[in-house]
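J.: A structural model of the following input is requested.
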Amino acid sequence: MSVLAESSLRGRSFTRVSDWTGAELETVLDLAAELKAEPRQPLLPGRSLGMIFHKPSTRTRVSFEVGMTQLGGHALNLAADDLQLARGEGLRETAIVLSGYLDAIMVRTYAQADVDELAAHAAVPVINGLTDATHPCQALADALTIRERLGGTDGVRVAYVGDGNNVLHSLAAVANRLGMSVVAATPPGFEPDAEEAERAGGIAVTHNPIEAVRDADVVYTDVWTSMGQEGERERRLRAFRGFTIDERMLARAAPAAIALHCLPAHYGEEITEAVAHGPQSAIWQQAENRLHAQKALLALVVA
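T.: Now for the predicted structure:
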């Protein structure tokens, strides 16, 4: 693993894609490709990762836990309600205490500010497993999948159709750093956050999904109602009519275009089952790549 010997990423937190350069992200992707080819490399023997969860998880929890095991380390599931955080202990104190036990901390929570505060006070790397503002580990898996399916990222045109949410913010950040372009089609009022779009390096926005998808190499979508937005579901279903990625819409993309979705999917809403399981779908490869991308990230940042 020559990339490890050359790495200067030891001790770095990964709280936003926008904090990392294109070259640093490429280093992660290069190692991820190596680890995918040879999955059981004991690069982190005896190391421990603490995983703090305020939100439910399938892919994040399983991929990080299995990833640490394959790297020769150990992962601890730290449900937030089981920690003293639930009884009022502060994030600063939690970061200090956990740094004495662990080699890295992964947190999946609501507020980006909470991840930033943990990282500010922790003596070990802090990895953002998802916040309401960003989803950086997903973006790594997205980029790895695009490289595998399209042969690289430079010049790739990505069309994102749906809610201007955390997934879009991180997708745009990784795309802008790896030579891709992104156009996002959202209904009026559901555009990406202006501050997050600026951090990402800019996001072109349209309210016409057909215009966004035309000749795209990648067609990406996400759920219309994210965790914590359940009370808005009916309003969102009305607002997003016409934004479903179905076979007809996908046919407007480039002939070799791939469909991506960070999952879980709601068939018949943001995507159809026929597309998700169809010949142009890279969704299941994308889901698996969470494991390989995160293993590479851990191997590079954990001392």
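J.: hey, let's count contacts and neighbours off CA atoms from now on
T.: Will do.
J.: okay, which residue is most central for the chain?
T.: Residue closest to the average C-alpha location in the chain (C-alpha atoms, centre = their mean): Q138, at 1.6 Å.
J.: isn't it right up against L263?
T.: No: counting by C-alpha atoms under 8 Å, Q138 sits too far from L263 to count as a contact (10.1 Å).
J.: How about the secondary structure of I52?
T.: strand (DSSP: H, G, I helix; E, B strand; the rest coil).
J.: Does it touch V107 like I think?
T.: Yes: judged on C-alpha under 8 Å, I52 makes contact with V107 at a distance of 4.6 Å.
J.: who's more crowded, the two?
T.: Neighbour count, other C-alpha atoms under 10 Å: between I52 and V107, V107 has more, with 24 against 21.
J.: which residues sit in contact with the more buried one?
T.: Neighbour list for V107: 51-54, 115, 126-130 [criterion: C-alpha atoms under 8 Å, 6 or more residues apart in numbering].
J.: Determine which two of the residues you listed are furthest apart.
T.: H54 and V126 (15.3 Å; C-alpha to C-alpha).
J.: The two: which is more packed in?
T.: Neighbours per residue (other C-alpha under 10 Å) separate H54 from V126, with V126 holding more: 31 against 16.
J.: Poorly predicted segments of the stretch 201-303 of the chain, please.
T.: Residues of the stretch 201-303 of the chain meeting the criterion pLDDT under 70: none.
J.: What segments of it are helices?
T.: Under the criterion DSSP state H, counting those that start in this stretch, the stretch 201-303 of the chain contains helices at 209-213, 233-239, 247-250, 273-276, 283-301.
J.: D142: which of those is closest?
T.: helix 283-301 (6.1 Å).
J.: which strands and helices sit next to the closest one?
T.: Judged by 3 or more C-alpha pairs under 8 Å, 6 or more residues apart in numbering; DSSP states H and E, helix 283-301 is in contact with helix 22-37, helix 59-70, helix 136-150, strand 258-261.
J.: tell me the most buried of the ones you listed?
T.: Here the criterion is mean neighbour count by mean count of other C-alpha atoms under 10 Å, and of the helices and strands packed on helix 283-301 the winner is strand 258-261, at a mean of 25.
J.: Low-confidence bits of the stretch 51-200 of the chain, can you list those?
T.: In the stretch 51-200 of the chain, no residues with pLDDT under 70.
J.: how about the strands of the stretch 101-250 of the chain, start to end?
T.: 104-108, 126-130, 157-161, 181-185, 204-206, 218-221 (DSSP state E, counting those that start in this stretch).
J.: what about V218, neighbour count?
T.: 26.
J.: right, I mislabeled it, should have said Q229
T.: 10.
J.: sec struct for the spatially closest residue to E65 that is not a sequence neighbour, please.
T.: Closest residue to E65 apart from its sequence neighbours, by C-alpha to C-alpha, 6 or more residues apart in numbering: A75 at 5.2 Å. At A75 the chain is in strand, as set by three-state DSSP.
J.: Please report how far A75 lies from T69.
T.: 7 Å (C-alpha to C-alpha, to the nearest Å).
J.: need the contact list for T134.
T.: Counted by C-alpha under 8 Å, 6+ apart, T134 has contacts 16, 112, 165-167, 169-170.
J.: one more time with 6 Å
T.: Residues near T134 by C-alpha atoms under 6 Å, 6 or more residues apart in numbering: 166, 170.
J.: Dihedrals phi and psi, it?
T.: Dihedral pair for T134: phi -140, psi 160, per degrees, to the nearest 10.
J.: can I get the helices and strands packed on helix 283-301 in JSON lines with distance to R177?
T.: Formatted as JSON lines, those follow (distance: least, C-alpha to C-alpha, whole Å):
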{"stretch": "helix 22-37", "distance to R177": "5"}
{"stretch": "helix 59-70", "distance to R177": "23"}
{"stretch": "helix 136-150", "distance to R177": "11"}
{"stretch": "strand 258-261", "distance to R177": "19"}
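J.: wait, which of these is closest to M227?
T.: When those are compared by C-alpha to C-alpha, helix 59-70 sits nearest M227, at 14.6 Å.
J.: Quick one: list the elements packing against the closest one.
T.: helix 283-301 (3 or more C-alpha pairs under 6 Å, 6 or more residues apart in numbering; DSSP states H and E).
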